[in-house]
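K.L.:
need coordinates for the below:
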Amino acid sequence: MITLSEPPRLVRPTTAVRTSYLTGEQADCLLRGTDTDWLGPASEDFDAFVAARDHDKERWDVMSTVYWYVSEEHYLGTLVVRHTLTPELAVDGGHIGYHVVAPWRRQGHATRMLELGLERAREHGVSRALLTCVPSNEPSRRVIEKNGGALDEQLGNELRFWIG
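P.N.:
Next up, the predicted model:
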């Protein structure tokens, strides 16, 4: 396991983690069997890739803010705060979405990242946050519950948790 010299923190997307971002996201795509084509353009002009994410913008039909969880040159994951919810996001997605890239999983990073993400959500006016996960995603469920998530109900294929 790599020892980090400083505690990870949530920051706006930054070019300072270029190599670890690209390799971490590529590893995740390969593990999940998802498309890696987007990594080529991202690696060719990483400055533009970061600039497109380094501001609040509409995603999923709501204003959203992207944060990266980093420690110096190490990119550990991404967290997205959705400032409001659409009816669709109220079933599948919620106010906060997050992921830790494979090399950094099972080290407590997701729990801490969500804790910090809840603070950021409050800064964006989210006093009570909805988070969702599929029933089979036990690690995500534990992260949500460690951060005070109370199970509300299951809608479709998603468990709904409220925090706050």
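
K.L.:
remind me which residues of the chain are low pLDDT?
P.N.:
The model of the chain has no residue with pLDDT under 70.

K.L.:
now the helices: where do they sit in it?
P.N.:
Ranges of helices within the chain are 18-32, 39-44, 46-51, 109-123, 138-146, based on DSSP state H.

K.L.:
what residues sit buried inside the second one?
P.N.:
Which is helix 39-44. 39, 42 (16 or more other Cβ atoms under 10 Å). (Each C-beta comes from the backbone N, C-alpha and C, glycine too.)

K.L.:
can you check the fourth one too?
P.N.:
Along helix 109-123, these residues count as buried under the neighbour rule (16+ other Cβ under 10 Å): 109-114, 116-118, 121.

K.L.:
can you tell me what sits against it?
P.N.:
8-10, 65, 67, 69, 76-77, 79, 81, 95-96, 98-100, 129, 131, 139-140, 143-144, 146-147, 163-164 (Cβ atoms under 8 Å, 6 or more residues apart in numbering).
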